[in-house]
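**Student:** The following comprises the amino acid sequence and a computationally predicted model.
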Amino acid sequence: MANIRDLKKDINYVLGDIIEAVYIVDAANNKPDSKEGAKIIDSAITTFDELIVKVNQRNIENRPAHLRGVKEELEKKGAALIEQLNTLS
């Protein structure tokens with residue numbers, strides 16, 4: 001089973017890095033506070049909240065499988081957010 005603390009850190013780092021990248025791209029393109037960037041940031045924050053709630057669920061039958069699912073969901077949603085980030089210009 002993955003260490004829960006490490007999983008929470010991964011969620012925080014991945015989504016935090018995506019948010020930081022949005023700010024960097026917006027600054028590089030002279031578009032501070034762009035609507036597209038704000039959408040990506042909102043999606044990252046929503047994803048963070050959803051994943052942390054799932055990690056903190058304790059009444060799960062097969063907790064290790066549940067946590068692996070959360071990690072896979074982080075990878076999928078993180079990749080989708082990165083694709084959206086790559087379209088910013």
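**Tutor:** The structure has been received and is ready for your questions.
**Student:** Find the centremost residue of the chain, please.
**Tutor:** Centroid-nearest residue in the chain, with CA atoms, centre = their mean: Leu15, separated by 3.4 Å.
**Student:** In whatever helix or strand Asp10 lives in, which residues are buried?
**Tutor:** Using DSSP states H and E, Asp10 sits in helix 4-28. Residues of helix 4-28 classed as buried: Leu7, Asp10, Ile11, Val14, Leu15, Ile18, Ile19, Ala21, Val22, Val25, Asp26 (neighbour count, 16 or more other CB atoms under 10 Å). Glycine gets a C-beta too; all of them are placed from N, C-alpha and C.
**Student:** From what I see, the fourth one and Leu74 are in contact.
**Tutor:** Yes: under the criterion of CB atoms under 8 Å, Val14 lies in contact with Leu74, with a separation of 6.2 Å.
**Student:** Would you convert the buried residues of helix 4-28 into a markdown table that also reports distance to Thr87 and pLDDT?
**Tutor:** A markdown table is the format used below for those (distance: CB to CB, whole Å; pLDDT from 0 to 100):
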| residue | distance to Thr87 | pLDDT |
| --- | --- | --- |
| Leu7 | 28 | 95 |
| Asp10 | 24 | 96 |
| Ile11 | 23 | 97 |
| Val14 | 19 | 97 |
| Leu15 | 18 | 97 |
| Ile18 | 13 | 97 |
| Ile19 | 16 | 96 |
| Ala21 | 13 | 95 |
| Val22 | 12 | 95 |
| Val25 | 10 | 93 |
| Asp26 | 13 | 92 |
